[in-house]
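Student: Output the structure for:
(chains A and B)
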Amino acid sequence: MNWPDLSMGGYGFYVWGSYLFALIAIVWELVSLNHRKKAHAREKVAPRILRGSANETTS
Amino acid sequence: MFYPLAGKIIPWFAWPAGILFALGMFVGFFIAPTDFQQGDAYRIIFIHVPASWLGMFLYILMALYAGVGWAFNARLASMMASSLSITGAMFTFLSLVTGAFWGKPTWGTWWVWDARMTSTLILLFLYIGFISLQSSIDDPRRADRAGAVLALVGVINVPIIYFSVQWWNTLHQGATIRILQKPTIHGSMLWAMLIMLAACWLYSVAVVLIRLRCIILEREQSANRFAEVAV
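Tutor: This is a model prediction of the structure:
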């Protein structure tokens, strides 16, 4: 096992930069999916709330 | 029936993907030796090559599902194509960005208009075109059909990307791993790349299934809203 040199022999900016971009892309995809899921959860609740309030006003 | 099943199998892909990402990084940075020509800059391949392969492979899958959805009016297949498009676009974008990060220290430039890079950029535009076209049409069935036409026409670009380094004299290096020949890279480098490829593949399956569940819900909700308005 070799301990990696963090400066990557002078190429650290390029190596770590590319992995940082990969991390950002993956995190962006996961966060946007999570937002999409949460939006569905809200939409599922919203019509029920609307229907409930409509019943209250009509009764 | 598919919706709950997809929900159950997602963790079986997501957790191994995380473990394999960690293992691939460990092998790539702690076990694989420094390259005698490129130094440590070559370690970008552990993310660049899997991202490039998945960008191409997911496009073929997307076109296949879009074609099946169009030909057999199979809505789930069309929804699968929509779900694949975003992850495929993300990997293609990642392939271009990491390629630029690799190109600068090895070629002395971030970008050149050579055949491999230009055809990969066209692949990204095809993904963006597919996503934009689908989201610009309100009727999901018409959106699926229009997307399928674009996806199927765009498939021609995938073999162009793959063989571009053989057909044209490009700055991009040739393939180091071929199906019928022995790989020309060190074993530990190959293992790190294959582990990262497996990780990216498992990640893609998990993320595509999560997004597919969202698309199913979205279409159900919009159909319900339409039915309520019609009543």
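Student: so what secondary structure elements neighbour the top helix by length along chain B?
Tutor: Using DSSP state H to define each element, chain B has its longest helix at helix B:187-230. Judged by 3 or more C-beta pairs under 8 Å, 6 or more residues apart in numbering or on different chains; DSSP states H and E, the packing partners of helix B:187-230 are helix A:12-58, helix B:2-26, helix B:45-72, helix B:75-107. For glycine as for every other residue, the C-beta is placed from the backbone atoms N, C-alpha and C.
Student: who does the last one touch, helix- and strand-wise?
Tutor: Helix B:75-107 sits against helix A:12-58, helix B:45-72, helix B:115-136, helix B:140-154, helix B:187-230, with contacts defined as 3+ C-beta pairs under 8 Å, 6+ apart.
Student: Out of those helices, which is closest to B:Phe13?
Tutor: Across the helices and strands packed on helix B:75-107, B:Phe13 has its closest neighbour in helix B:187-230 (4.0 Å, C-beta to C-beta).
Student: Would you mind getting the angle between the closest one and helix B:140-154?
Tutor: Going by axes from the mean of the first three to the mean of the last three C-alpha atoms, to 10 degrees, helix B:187-230 is angled at 150 degrees with respect to helix B:140-154.
Student: before we move on, the earlier item: turn the helices and strands packed on helix B:75-107 into JSON lines, columns for mean neighbour count, distance to B:Gly88 and mean pLDDT.
Tutor: JSON lines is the format used below for the helices and strands packed on helix B:75-107 (neighbours: other C-beta atoms under 10 Å in any protein chain shown; distance: least, C-beta to C-beta, whole Å; pLDDT from 0 to 100):
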{"stretch": "helix A:12-58", "mean neighbour count": "13", "distance to B:Gly88": "11", "mean pLDDT": "77"}
{"stretch": "helix B:45-72", "mean neighbour count": "22", "distance to B:Gly88": "3", "mean pLDDT": "96"}
{"stretch": "helix B:115-136", "mean neighbour count": "18", "distance to B:Gly88": "6", "mean pLDDT": "95"}
{"stretch": "helix B:140-154", "mean neighbour count": "18", "distance to B:Gly88": "10", "mean pLDDT": "95"}
{"stretch": "helix B:187-230", "mean neighbour count": "18", "distance to B:Gly88": "8", "mean pLDDT": "89"}
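Student: Tell me which of the ones you listed sits nearest to B:Val27.
Tutor: Nearest of the helices and strands packed on helix B:75-107 (C-beta to C-beta): helix B:187-230, 4.1 Å.
Student: ok now the closest one, how far from the chain's centre?
Tutor: Counting by C-alpha atoms, centre = their mean, to the nearest Å, helix B:187-230 is centred 12 Å from the centre of its parent chain.
Student: for the helices and strands packed on helix B:75-107, which one sits closest to B:Leu96?
Tutor: Smallest distance to B:Leu96 across those (C-beta to C-beta): 6.0 Å, for helix B:115-136.
Student: just checking, what packs against the closest one?
Tutor: Secondary-structure packing of helix B:115-136 (3+ C-beta pairs under 8 Å, 6+ apart): helix B:45-72, helix B:75-107, helix B:140-154, helix B:157-167.
Student: Make JSON lines from those helices and add distance to B:Ala22 to it.
Tutor: Shown next, in JSON lines, are the helices and strands packed on helix B:115-136 (distance: least, C-beta to C-beta, whole Å):
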{"stretch": "helix B:45-72", "distance to B:Ala22": "12"}
{"stretch": "helix B:75-107", "distance to B:Ala22": "18"}
{"stretch": "helix B:140-154", "distance to B:Ala22": "34"}
{"stretch": "helix B:157-167", "distance to B:Ala22": "30"}
